[in-house]
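**Q** Next comes the sequence, and after it the predicted model I'd like to discuss.
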Protein chains: 2
Amino acid sequence: MATLRVPDVEPSPTQDCERLRNAVQGLGTDERAIIWILGRRNASQRGKIRETYLQLYKESLIDRLHSELSGDFRKAVILWTYDPPERDAKLANEALKSKKKGAKELQVIVEIACANSPHHLQAVRQAYCSLFDCSLEEAITSVVSLPHKKLLVGIVSSYRYDKELVDMNIASLEAAKLHEAIKRKQLDHDDIVYILSTRNVYQLRATFKCYQQKFGNPIDQDIKSCGKGELESLLEVVIWCIQSPEKHFAKVIGTAVIGLGTDEDSLTRAIVSRAEIDAMKIRGEYFNLYKTNLDGAVIDDTSGDYRDFLMTLLGARI
Amino acid sequence: MATLRVPDVEPSPTQDCERLRNAVQGLGTDERAIIWILGRRNASQRGKIRETYLQLYKESLIDRLHSELSGDFRKAVILWTYDPPERDAKLANEALKSKKKGAKELQVIVEIACANSPHHLQAVRQAYCSLFDCSLEEAITSVVSLPHKKLLVGIVSSYRYDKELVDMNIASLEAAKLHEAIKRKQLDHDDIVYILSTRNVYQLRATFKCYQQKFGNPIDQDIKSCGKGELESLLEVVIWCIQSPEKHFAKVIGTAVIGLGTDEDSLTRAIVSRAEIDAMKIRGEYFNLYKTNLDGAVIDDTSGDYRDFLMTLLGARI
């Protein structure tokens, strides 16, 4: 369930573009209008706005937003304005360009591969080829080293069956295989990679449930007890993204806002990429995890236009 | 370059369907009309014919062809009438159901993954999910054992960059990596699988060329000299399908017709799947390899409607 609120009567892209044009032209920028318009349009409507804007004014809306806005607000508005597969291709590329390539940096790739539909992942791979002149898996192979590489190439290359079909025999058999590999601390074992990157998510959820019933602990807990390494953390993200994307993103937001300082990039990524998917459920999971209110936490940790924009995506009436 | 000859003026699907309906109704079947119509329509035209036939007569054209025709002719016509991604998904599924899963049976999966566009492979993976309620890579993982499994899952999961972009440094570096693994007879080495399943085909052709320049022999020859096992044969098919699909298919046809008896399934598969892609080039490669004429070989080894149909796909005027 999305938090994004789209007007009941779909506004015409031309009208939206004229208002956006007014907001970015002349002295100063009308950030409020930008939030009001873009923050209340779904992916398909934003696509039409991008196209219409280019036709009407012979300039890219995103380039214009880039030159008019600044800081975290700019980052958030621009990420939101991209076509979602293009946005994710860019996020994956940024992660692969980061100096440190630990679980924190690479988790966005896991999110793209495991917390979205197979169709979306495929569209991201297409967008990646168009934007960066190489395939996503090729880029991973070039810059990420083993054992992370093995897991990431496996999951980004998947095209999972997308219907709810579960075979309890497979669940039991593969829970045992996973347990065997985890027991031996072989977290990059072929069995783990094949199971996590080929099975459909419903099957995997059944397998994880079976794992806990058979062996006592949740699988992510057993993985964690193998060590405090980056592979353990990355695998934990894979499990969470498959088992409950909303729980994973609630944790991303929690980690970004709790404690001193704020990790704005992670906060933006979580809200922008889930506002029209499952942010309503993330709100519930956030409360379960932290016994406090997600909206309150976002309001406390952000300010100005950036705050207004995130809150608009979370469904608030600014 | 295709051999398929499509009429200059596109016939209406309704007219085609009416003629096909006449050909299959009443006593006897007019095989000639079926060959004349279906054998001279491209994939998009055949798609329209399938749809129109279903609308007009409330029955599937393919089911009707199945009940009217028989033998190798029926197999060929039906494979040709399917949507190409659906056809390949079915061929892959048949291969995975075969008792013996050696290089000969599994090579069709290599062809689908390495001798077609990334877009086609993606469409086959989608069709596989729709038809068989699991992903292609999941099916491979379930029934094929290591080391074949590793190579096959790698190549069918690829979504290669599809433009001609070659980095000679990468070619040199990866030629050396391939050589190192082949020298040690580690044909299922991660390096081999990653390189062959993530790089674009133009890059790989440059890498293979570089391999020969640096180390003396063509890479397929060095692979062969590792042993006579199934993995050697399968890897050879991978190399051929990437390096020159037309040479690979010329060899498939040659192996199917030369000597005693004919392997009709392979002959059909090669001609049906390449008639609208590169059968003209296959004809040239066939001559280079066997110093004899492909069309003559097909005519000698087949008969009746089956022969007429294959020859029609090869551009003959029957």
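**A** Good, I have the coordinates. Residues are numbered from 1 along each chain as shown, chains lettered A, B, ... in the order given.
**Q** care to break chain A down by domain?
**A** A:13-69, A:84-157, A:168-243, A:245-314 (the TED database).
**Q** and the gap between the residue of the stretch 201-318 of chain A found nearest chain B and B:Ser44?
**A** Closest approach of the stretch 201-318 of chain A to chain B (Cβ to the nearest Cβ) occurs at A:Gln203, with a separation of 8.8 Å. In short, each C-beta sits where N, CA and C put it, glycine included. Using Cβ to Cβ, to the nearest Å, one gets 36 Å for the distance from A:Gln203 to B:Ser44.
**Q** Equivalent analysis for A:Ala297, please.
**A** Distance, A:Ala297 to B:Ser44, by Cβ to Cβ: 54 Å.
**Q** secondary structure class for A:Arg40?
**A** Classification of A:Arg40 by DSSP: H, G, I helix; E, B strand; the rest coil places it in coil.
**Q** burial of it, as a residue count?
**A** For A:Arg40, the neighbour count with other Cβ atoms under 10 Å in any protein chain shown is 19.
**Q** Just give the nearest non-adjacent residue to the residue of the stretch 51-200 of chain A found nearest chain B, would you?
**A** As assessed by Cβ to the nearest Cβ, chain B sits closest to A:Ser157 within the stretch 51-200 of chain A, at 3.4 Å. Among residues not flanking A:Ser157 along the chain, B:Ser157 sits closest, at 3.4 Å (Cβ to Cβ, 6 or more residues apart in numbering or on different chains).
**Q** Local confidence estimate at that neighbour?
**A** As predicted, B:Ser157 sits at a pLDDT of 96.
**Q** that older thread, tell me which of A:Ala297 and B:Ser44 has more neighbours.
**A** A:Ala297 (19 against 11).
**Q** Hmm, that one is touching A:Gly259, no?
**A** No: A:Ala297 is beyond contact range of A:Gly259, at 11.4 Å (criterion: Cβ atoms under 8 Å).
**Q** phi, psi of A:Gly227?
**A** phi 160, psi 180 (degrees, to the nearest 10).
**Q** For stretch A:287-306, measure first residue to last.
**A** 23 Å (Cα to Cα, to the nearest Å).
**Q** what's the answer for stretch A:55-75, then?
**A** Stretch A:55-75: ends 24 Å apart by Cα to Cα.
**Q** What residues does the stretch 1-150 of chain A have near chain B?
**A** Neighbours of chain B within the stretch 1-150 of chain A, by Cβ under 8 Å from any Cβ of the partner chain: A:118, A:122, A:125-126, A:129, A:133-138, A:141, A:146, A:149-150.
**Q** Which one of the residues you listed is nearest to B:Thr81?
**A** Ranked by distance to B:Thr81 (Cβ to Cβ), these are led by A:Gln122 at 26.8 Å.
**Q** isn't that closest one right up against A:Ser158?
**A** No: A:Gln122 is beyond contact range of A:Ser158, at 9.7 Å (criterion: Cβ under 8 Å).
**Q** Compare neighbour counts for the two and give me the winner.
**A** Neighbours per residue (other Cβ under 10 Å) separate A:Gln122 from A:Ser158, with A:Ser158 holding more: 24 against 18.
**Q** which residues does that one contact?
**A** A:Ala113, A:Pro118, A:Leu121, A:Ser197, A:Thr198, B:Ser135, B:Glu137, B:Ser157 (Cβ atoms under 8 Å, 6 or more residues apart in numbering or on different chains).
**Q** so is it in a helix, a strand, or just coil?
**A** coil.
**Q** chain center to stretch A:243-250: distance?
**A** How far stretch A:243-250 lies from its chain's middle: 10 Å, per Cα atoms, centre = their mean, to the nearest Å.
**Q** List of residues touching it?
**A** Contacts for stretch A:243-250 (Cβ under 8 Å, 6+ apart): A:111, A:114-115, A:204-205, A:208, A:220, A:237, A:240-241, A:270, A:274, A:277-279, A:281-286, A:288-290, A:294.
**Q** Emit the PyMOL select command for whichever of these are buried.
**A** Remark: buried members of those, expressed as a PyMOL selection using 16 or more other Cβ atoms under 10 Å in any protein chain shown:
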select buried, chain A and resi 111+114+115+204+205+208+220+237+240+241+270+274+277+278+279+281+282+283+285+286+290+294
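**Q** and the contacts of stretch A:243-250, which of them are in strands?
**A** Taking DSSP state E, every one of the contacts of stretch A:243-250 sits outside strands.
**Q** Going by contacts, tell me the helices and strands next to the host helix or strand of A:Asn169.
**A** Using DSSP states H and E, A:Asn169 sits in helix A:168-183. If contacts are counted by 3 or more Cβ pairs under 8 Å, 6 or more residues apart in numbering or on different chains; DSSP states H and E, helix A:168-183 sits against helix A:190-198, helix A:201-215, helix A:219-224.
**Q** and those, which is most packed in?
**A** For the helices and strands packed on helix A:168-183, the largest average neighbour count (mean count of other Cβ atoms under 10 Å in any protein chain shown) is found in helix A:190-198, namely a mean of 22.
**Q** could you check whether that helix is close to chain B?
**A** Yes: against chain B, helix A:190-198 shows contacts by Cβ under 8 Å from any Cβ at A:Asp190, A:Tyr194, A:Ser197, A:Thr198.
**Q** of the residues you listed, closest to A:Ala76?
**A** The closest of the residues of helix A:190-198 next to chain B, once distances to A:Ala76 are taken by Cβ to Cβ, is A:Ser197, at 31.0 Å.
**Q** Now do the closest residue to A:Phe215 other than its chain neighbours: how many residues are near it, please.
**A** With sequence-adjacent residues excluded and distances taken as Cβ to Cβ, 6+ apart, A:Phe215 is closest to A:His179, at 5.1 Å. By the criterion of other Cβ under 10 Å, A:His179 has 18 neighbours.
**Q** hang on, isn't A:His179 packed against A:Gln212?
**A** No: contact criterion Cβ under 8 Å: A:His179 and A:Gln212 do not qualify, at 10.3 Å.
**Q** so A:Ser135 makes contact with B:Asn200?
**A** Yes: between A:Ser135 and B:Asn200 a contact is recorded at 7.4 Å, counting by Cβ under 8 Å.
**Q** any common contacting residues for these two?
**A** B:Arg160, B:Tyr161.
**Q** What sits closest to A:Asp220 if chain neighbours are left out?
**A** That would be A:Ile239: by Cβ to Cβ, 6+ apart, it lies 4.6 Å from A:Asp220.
**Q** And A:Val24, by the same measure?
**A** A:Val24's closest residue in space is A:Glu68 (Cβ to Cβ, 6+ apart), at 4.8 Å.
**Q** what about the one you found, distance to A:Gly28?
**A** 9 Å.
**Q** So which of these two has more stuff around it?
**A** Neighbour count, other Cβ under 10 Å: between A:Glu68 and A:Gly28, A:Glu68 has more, with 17 against 9.
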